[in-house]
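Enquirer: Task: produce atomic coordinates for the following.
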Amino acid sequence: MGLSAWAFWMALVVMFIGIIGIILPIIPGVGLIWLAILAYAIGEQFITVGPFAFILLTILGVIGVTTDIWVSQIGARIGGASNWSLLLGLATGLLGAAAGYFVFQVGAVPGAIVGALAGIYAAEWRRHQDTQKALQASGGWLLGCLLSGSIQLVIGLLMIAIFIFEVLKG
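Expert: Numbering: from 1, shown residues only. You can find the predicted model right below:
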């Protein structure tokens, strides 16, 4: 097996780990897929994955990596959350990530989700004094968060498909 074939299969293994990272957010998902493509493209001197394809894959990678942020925010806004609630949700999400990782040892992602939900709920409850509106805003954020995982999965699979097409095309 030559260097080209070996590098191709190693890149696919890393990309598969990236797909697992999208489903189980313990490791970076789309970012890892992009890094595998970058390493392969550099190793092959951008011959099989040309500049145009790499730019397209980079744009998809940026969209995929940032999806968690903007889709969950859109969901919260649709649910009625204010800018203040979103800001507080971000702050409590960061605190929750740290607490989940260091204190409760359940992981940063579950801690971040619980922290963000708590922050959005608390801010909206304080704003409206209405449990239903607070639940609607925090539920919108959670729905957006879940939807972002689906979007990342589609983007990750699309990136892998484009990579395979470019490599096989030669």
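Enquirer: Now do the same contact list for residue 60.
Expert: Applying CB atoms under 8 Å, 6 or more residues apart in numbering, one finds that residue 60 lies in contact with 30, 155, 158, 159, 162. For glycine as for every other residue, the C-beta is placed from the backbone atoms N, C-alpha and C.
Enquirer: Could you report the pLDDT at it?
Expert: What the model reports as pLDDT for residue 60 is 98.
Enquirer: Can you give me the buried ones in the helix or strand that contains it?
Expert: Counting by DSSP states H and E, the element that carries residue 60 is helix 51-78. By 16 or more other CB atoms under 10 Å, the buried positions in helix 51-78 come out as 53-54, 56-57, 60-61, 64-65, 67-68, 71-77.
Enquirer: next one: stretch 162-170
Expert: Here stretch 162-170 shows 162, 163, 166, 167 as buried, counting by 16+ other CB under 10 Å.
Enquirer: what angle sits between the helix or strand hosting the first one and helix 51-78?
Expert: Using DSSP H and E, the element containing residue 162 is helix 131-169. Helix 131-169 and helix 51-78 are oriented at 170 degrees to each other (axes from the mean of the first three to the mean of the last three CA atoms, to 10 degrees).
Enquirer: Pull out the buried residues from helix 131-169.
Expert: 133-145, 148-149, 151-153, 155-156, 159-160, 162-163, 166-167.
Enquirer: How about the contacts made by residue 96?
Expert: 111, 112, 113, 114, 115, 116, 118 are the contacts of residue 96 under CB under 8 Å, 6+ apart.
Enquirer: how does it look with 10 Å?
Expert: 89, 104, 108-119 (CB atoms under 10 Å, 6 or more residues apart in numbering).
Enquirer: Same question for residue 44.
Expert: So residue 44 contacts 3, 4, 7, 8, 11, 167 (CB under 10 Å, 6+ apart).
Enquirer: ranking those by neighbours, who comes first?
Expert: residue 11 (25 neighbours; other CB atoms under 10 Å).
Enquirer: Could you measure from that residue over to residue 19?
Expert: Per CB to CB, to the nearest Å, residue 11 is found 13 Å from residue 19.
Enquirer: What of residue 120?
Expert: Applying CB to CB to residue 120 and residue 19 gives a distance of 29 Å.
Enquirer: More neighbours: these two, which one.
Expert: More crowded of residue 120 and residue 19, by other CB under 10 Å: residue 120, with 32 against 19.
Enquirer: which SS class is that one?
Expert: helix (DSSP: H, G, I helix; E, B strand; the rest coil).
Enquirer: Tell me which residues touch it, please.
Expert: 72, 76, 79, 81-82, 84-90, 92-93, 134-135, 137-142.
Enquirer: Residue ranges in the protein under the pLDDT threshold?
Expert: 1-3 (pLDDT under 70).
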